[in-house]
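# Build me a structure from this.
(one chain, ligands or ions: 1)
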Amino acid sequence: MDCIFCKIACGEVKSRIVYEDDKTLAFEDLNPQAPTHILIIPKNHIESILEAKDSDLQTIGAINIAARNIAKKLNISDFRIVSNCGKKAGQSVFHLHYHFLAGRRFLWPPG
Ligand code: DGP
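Below you'll find the predicted structure:
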């Protein structure tokens, strides 16, 4: 499968990894939108949250635990996690990922 995040997950494509556990990998975004911009992905290929199966429950939960662990590791108390689902919502890579953003103020509601 020609998926850039699968290639990152298996080490075929290099990335700046900040966190890893058995189900997830987190690495720095190539095009950061905040001083801290990390992508958290499941190691297995899930196209988007819409394509997640009930059996992915543990993996989806692990992504939130990864976010907590990253925040603690980097001593970050204020952050945003967001997952774009579908082209119109801004998804450009079709391997589920959560943006972990920190280090500046964020607008609410988002633009
Ligand atoms: P989204 O637009 O929500 O699908 O976010 C995709 C993000 O992935 C975008 O912020 C840029 C990032 N990205 C795309 N290709 C690569 C890559 O090869 N390496 C890294 N580190 N990030 C990438």
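
# The most centrally placed residue in the chain and the ligand, how far apart?
For the chain, the residue nearest the mean C-alpha position is Ile40 (2.4 Å; Cα atoms, centre = their mean). With distances taken as Cβ to the nearest ligand atom, to the nearest Å, Ile40 is found 11 Å from the ligand. Using the backbone N, CA and C atoms, a C-beta is placed for each residue, glycine as well.

# May I have the beta-bridge partners of that residue?
Residues in a beta bridge with Ile40, per DSSP bridges, are Ala26, Tyr98.

# What of Ala102?
Bridge pairing for Ala102 - DSSP bridges - gives Thr36, Phe79.

# Correct me if wrong: it contacts Phe79.
Yes. If you go by Cβ atoms under 8 Å, Ala102 and Phe79 touch, sitting 3.9 Å apart.

# which residues do the two both contact?
Shared contacts of Ala102 and Phe79, defined by Cβ atoms under 8 Å, 6 or more residues apart in numbering, comprise 36, 71.

# picking that back up, the residue nearest to the centre of the chain touches Ala71, doesn't it?
No. Here Ile40 lies out of contact with Ala71, judged by Cβ under 8 Å, at a distance of 11.1 Å.

# who touches both of the two?
Between them, Ile40 and Ala71 share the contacting residues Phe100, judged by Cβ under 8 Å, 6+ apart.

# Can I get the longest helix belonging to the chain in CSV? Just the C-alpha atoms.
Ranked by number of residues, the top helix in the chain under DSSP state H is helix 57-73. Backbone C-alpha positions of helix 57-73 (Å, rounded to 0.1, in the frame of the first residue of the first chain) are rendered in CSV as follows:
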residue,chain,number,x,y,z
LEU,A,57,-11.4,0.5,20.0
GLN,A,58,-8.1,-0.2,21.8
THR,A,59,-6.1,1.5,19.2
ILE,A,60,-8.3,4.6,19.1
GLY,A,61,-8.1,4.8,22.9
ALA,A,62,-4.4,4.3,22.8
ILE,A,63,-4.1,7.5,20.7
ASN,A,64,-5.6,9.5,23.5
ILE,A,65,-3.3,7.9,26.0
ALA,A,66,-0.4,8.7,23.7
ALA,A,67,-1.5,12.3,23.7
ARG,A,68,-1.4,12.3,27.5
ASN,A,69,2.0,10.7,27.6
ILE,A,70,3.4,13.2,25.1
ALA,A,71,2.0,16.1,27.1
LYS,A,72,3.6,14.8,30.3
LYS,A,73,6.9,14.0,28.6
